[in-house]
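**Student:** dropping the sequence and predicted coords here.
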Amino acid sequence: MGQQVLTLGLATGQAFLPIDSQIYISSVNAQGLKKTFKDGHSVVAKRYREAQTSKPQILSSMIKRDLNQGFSASYLLGDAWFGTKATIKTSLNNSFTPVLRMKKNKKKYRYTASEEGTSILNLKIKTTKF
């Protein structure tokens with residue numbers, strides 16, 4: 001419900017440095033705009049449209065934006081909101097090792113190392129009924 005701010009940052013053992021942030025607007029009890037944007041191509045209009053997508057989609061946009069600015073990292077850390085197939089694929093496509101808390105549901109995730117080595121992983125998802 002409402003609005004939340006997602007922050008992408010660099011975490012070390014001593015500090016957390018925010019690099020990018022984006023507002024997330026939930027579709028539950030959301031209030032629409034009173035007027036549309038005069039310029040739909042403005043940064044504000046683009047960010048508003050992005051704020052109404054899913055959290056994993058926002059994360060993917062933030063990563064792309066920050067990689068274009070020279071950001072680099074080895075790992076992507078995230079909580080259960082980001083423990084999705086889309087986030088894992090985004091991490092692997094950008095050469096990050098995902099360290100995510102997985103959502104509590106009936107999906108089972110299994111990783112297998114590829115022939116090229118453990119740095120490239122194949123994701124296999126099997127949904128089971130309990």
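**Tutor:** Yep, it's here. Note that the structure is a prediction, hence the values are computed from the model and not measured.
**Student:** how about the secondary structure of L76?
**Tutor:** The local conformation at L76, judged by DSSP: H, G, I helix; E, B strand; the rest coil, is strand.
**Student:** hmm, I was thinking of D20
**Tutor:** Going by three-state DSSP: D20 is strand.
**Student:** got a list of what it touches?
**Tutor:** Contact partners of D20, counting by Cβ atoms under 8 Å, 6 or more residues apart in numbering, are 7-9, 62, 65-66. C-beta: built from backbone N, CA, C; applies to glycine.
**Student:** count the residues that sit near the spatially closest residue to Q4 that is not a sequence neighbour.
**Tutor:** Among residues not flanking Q4 along the chain, Y24 sits closest, at 4.7 Å (Cβ to Cβ, 6 or more residues apart in numbering). By the criterion of other Cβ atoms under 10 Å, Y24 has 19 neighbours.
**Student:** my read: Y24 touches K55, true?
**Tutor:** Yes: the pair Y24 and K55 qualifies as a contact (Cβ atoms under 8 Å) at a distance of 5.8 Å.
**Student:** quick check: domain ranges of this protein?
**Tutor:** What automatic domain parsing lists as the domains of the chain is 1-72, 74-130.
**Student:** for the longest one, what is the average pLDDT?
**Tutor:** Summarised as a single mean, pLDDT over domain 1-72 is 84.
**Student:** closest to the centroid, which residue in this protein?
**Tutor:** What sits nearest the mean C-alpha location of the chain, by Cα atoms, centre = their mean, is L59, with 2.7 Å.
**Student:** tell me the phi and psi of it?
**Tutor:** With angles defined as degrees, to the nearest 10, L59 sits at phi -60, psi -50.
**Student:** quick check: the gap between it and I88.
**Tutor:** Distance of L59 to I88, computed by Cβ to Cβ, to the nearest Å: 11 Å.
**Student:** and if you look at I23?
**Tutor:** 24 Å.
**Student:** in terms of packing, which of the two has more residues around it?
**Tutor:** Per other Cβ under 10 Å, whichever of I23 and I88 has more neighbours is I88, with 23 against 14.
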